[in-house]
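Novice: Structure of the sequence below:
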Amino acid sequence: MSEADLGKRLAVDSPYQEFRRLTQAVNSVLDQFQRNSEVQRNFCEIAAHEMKTPLTILQGNLEVALMKARTTAEYRDALINNLEQVGRLIALTRPLLTLAKFTSSKPPIHLAPLALEPLIQEIVDELTLLADDYRITLMFESQPVPSILGDAQWLKQALINLLDNALRYTPPGGFVTVRLHRAGEWVDVAVEDTGHGIESENIPHLFERFYRTDWARAKDSAGTGLGLPIVKEIAEAHGGTISVASQIHKGSIFTLRLPVSTRQTVSA
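Specialist: All right, here's what the predicted structure looks like:
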């Protein structure tokens, strides 16, 4: 089998039940290989497209700067512009490297019993100054919840991504609230904002890599469209989920749902 053959399947026509089961199992594996191959190909194509623009601008700036002698001020302007494009590339490559880690055979998650309340309180305290700069009120409401099995570093990254989005797309004078509560055998962390909201047709695509709504692109042209896909990978690596509910002109609620800890320690 090669990548060009991944659309082919073995015929399930053996008169023997054991052979039919084996054939179905092999075809199931080929289905998974094909899906993974398509995801990887699409991911590489989109990543290359996203990197093409800043690289093209860099090349154009350098070519123009070298066409003739420039003043010191002109060279400085060219360098500043190029530095901005380098910043865009760095902002893009960091989440790409993170996603590459999570799509490997062994995601970089190390699970241990973890209390979420102090972790969330620490994040809220860290982001309060940013919220103040945006003139947004950031609040944390907590109910007693049991520990989960989690990786503090990666869960902090997921929650920062959610809060950064909420603060970025909430207008001055608005509110962002983090709510922690138990839901049966799960612990929910909900990040609610009073921002623009998300159109219903965009919601199914929010966790796709590089996907950005037209409104988000207009609001923040420097975004990468990788923050929410990273949250999804982190949630699923913890055996959890991420979901969203939203209404236009009322805001959005992103809910990170994680399973309650039933064991003491485990590594993944």
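
Novice: how about the strands in the stretch 151-268 of the chain?
Specialist: 175-183, 186-193, 241-247, 251-259 (DSSP state E, counting those that start in this stretch).

Novice: Over to stretch 168-177 now: how far is its first residue from its last?
Specialist: 14 Å (Cα to Cα, to the nearest Å).

Novice: starting at the chain centroid, how far to that stretch?
Specialist: Centroid separation for stretch 168-177 versus its chain: 20 Å, with Cα atoms, centre = their mean, to the nearest Å.

Novice: Surely residue 256 touches residue 183?
Specialist: No. Counting by Cβ atoms under 8 Å, residue 256 does not reach residue 183; the two are 11.5 Å apart. Quick note: C-beta positions are derived from backbone N, CA and C, even for glycine.

Novice: Comparing those two, which residue is more hemmed in?
Specialist: residue 256 (24 against 12; other Cβ atoms under 10 Å).

Novice: How confident is the prediction for that one, by pLDDT?
Specialist: Looking at residue 256, its pLDDT stands at 97.

Novice: Start the count at 185 instead of 1 going forward.
Specialist: Renumbered: residue one is now 185, and that last one reads residue 440.

Novice: Excluding chain neighbours, give the residue nearest to it in space.
Specialist: Taking Cβ to Cβ, 6 or more residues apart in numbering, and ignoring the residues beside it in sequence, residue 440 has residue 373 as its nearest neighbour in space, at 4.5 Å.

Novice: What of residue 369?
Specialist: Nearest one to residue 369, counting by Cβ to Cβ, 6+ apart, is residue 444 at 5.2 Å.

Novice: To what extent is that neighbour buried, counted in neighbours?
Specialist: For residue 444, using other Cβ under 10 Å, the count is 15.

Novice: which residues touch it?
Specialist: 330, 331, 332, 366, 369, 370, 371 (Cβ atoms under 8 Å, 6 or more residues apart in numbering).

Novice: ok, of those residues, which one's closest to residue 246?
Specialist: residue 332 (50.0 Å; Cβ to Cβ).

Novice: what residues are up against the closest one?
Specialist: The neighbourhood of residue 332, defined by Cβ under 8 Å, 6+ apart, consists of 297, 298, 300, 371, 422, 442, 443, 444, 445.

Novice: List phi and psi for it.
Specialist: With angles defined as degrees, to the nearest 10, residue 332 sits at phi -120, psi 170.

Novice: So what pairs up with it in the strands?
Specialist: residue 298, residue 444 (DSSP bridges).

Novice: how much space between it and residue 192?
Specialist: Note on residue 332: its distance to residue 192, by Cβ to Cβ, to the nearest Å, is 43 Å.

Novice: I'd guessed the residue nearest to residue 440 sits against residue 361; true?
Specialist: No. Assessed by Cβ under 8 Å, residue 373 is found out of contact with residue 361, at 11.3 Å.

Novice: Tell me which of these two has more neighbours.
Specialist: Taking other Cβ under 10 Å, residue 373 and residue 361 do not tie; residue 373 has more neighbours (26 against 18).

Novice: Does residue 371 touch residue 339 like I think?
Specialist: No. Residue 371 lies out of contact with residue 339 (Cβ under 8 Å); the separation is 10.9 Å.

Novice: residues shared between the contacts of the two?
Specialist: 300, 442.

Novice: okay, stretch 284-297 in CSV with CA atoms only?
Specialist: Only the C-alpha atoms of stretch 284-297 are listed here, as CSV (Å, rounded to 0.1, in the frame of the first residue of the first chain):
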residue,chain,number,x,y,z
ALA,A,284,2.4,18.7,15.9
LYS,A,285,3.1,17.5,19.4
PHE,A,286,-0.6,16.6,20.0
THR,A,287,-1.0,14.8,16.6
SER,A,288,2.0,12.5,17.4
SER,A,289,1.5,9.0,18.6
LYS,A,290,2.1,10.1,22.2
PRO,A,291,0.7,13.6,23.1
PRO,A,292,2.9,15.4,25.7
ILE,A,293,0.3,15.0,28.5
HIS,A,294,1.3,13.9,32.0
LEU,A,295,-1.8,13.3,34.1
ALA,A,296,-1.9,13.7,37.9
PRO,A,297,-4.6,14.6,40.4
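
Novice: I appreciate the help and will end here.
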